[in-house]
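In: here's a sequence, model it:
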Amino acid sequence: MSAKNRDNKNRWRNITVGFRVSPEENERINKAVALSGLPKQEYCYRRCLNQDVVVQGNPRVYKALKQELAAVLAELQRIEAGNGIDEELLNVIELVSVILGGLKGEEQNE
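Out: Numbers count the residues shown, from 1 in each chain. So this is what the prediction gives:
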């Protein structure tokens, strides 16, 4: 029998919660997880419990930011003069800007 896995507050998490998402939603969740620097489980339960997701700058986060910004740049270059920008691209741009603002220490107004 394997040892019980406990979190940093010594809680034993033995209940599994699962849900279905569309491929587009899965991609969006995976991008947010990569940009947060957190494990997917940690990110999902913080979001579900309406807790703050605080991004700590590390090489993985910077690499994810670089990749997302490169993808945004490629998409913007594909679109002529900003016509036809879809909602998903705007969501990614907003998420990246919030994370970069937080890493710079700027206060977010919501």
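
In: for the rest of this, base every contact and every neighbour count on C-alpha atoms.
Out: OK.

In: counting contacts, what elements does the helix or strand that contains residue 73 pack onto?
Out: Using DSSP states H and E, residue 73 maps to helix 59-78. Contacts defined by 3 or more CA pairs under 8 Å, 6 or more residues apart in numbering; DSSP states H and E place helix 59-78 against helix 23-36, helix 87-104.

In: now render those as CSV, adding mean neighbour count and distance to residue 57.
Out: Listed next are the helices and strands packed on helix 59-78 as CSV, based on neighbours: other CA atoms under 10 Å; distance: least, CA to CA, whole Å:
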stretch, mean neighbour count, distance to residue 57
helix 23-36, 16, 9
helix 87-104, 15, 7
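
In: could you redo those helices as CSV and give each row distance to residue 63?
Out: Output for the helices and strands packed on helix 59-78, formatted as CSV (distance: least, CA to CA, whole Å):
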stretch, distance to residue 63
helix 23-36, 9
helix 87-104, 12
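
In: of all those helices, which one comes closest to residue 52?
Out: Closest approach to residue 52 among the helices and strands packed on helix 59-78 is made by helix 23-36 (11.1 Å; CA to CA).

In: ok now the helix holding residue 73, how far from the chain's centre?
Out: Relative to its parent chain, helix 59-78 has a centroid offset of 13 Å by CA atoms, centre = their mean, to the nearest Å.

In: let's number from 108 now, not from 1
Out: Sure, I'll start numbering at 108, so the last one becomes helix 166-185.

In: how about it, which residues are buried there?
Out: For helix 166-185, the neighbour count (16 or more other CA atoms under 10 Å) marks 168-169, 171-172, 175-176, 179, 183 as buried.

In: returning to that earlier point: using TSV, lay out the helices and strands packed on helix 166-185 together with mean pLDDT and distance to residue 163.
Out: Formatted as TSV, those follow (pLDDT from 0 to 100; distance: least, CA to CA, whole Å):
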stretch	mean pLDDT	distance to residue 163
helix 130-143	91	8
helix 194-211	79	7
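
In: which among the ones you listed is found nearest to residue 124?
Out: helix 130-143 (15.9 Å).
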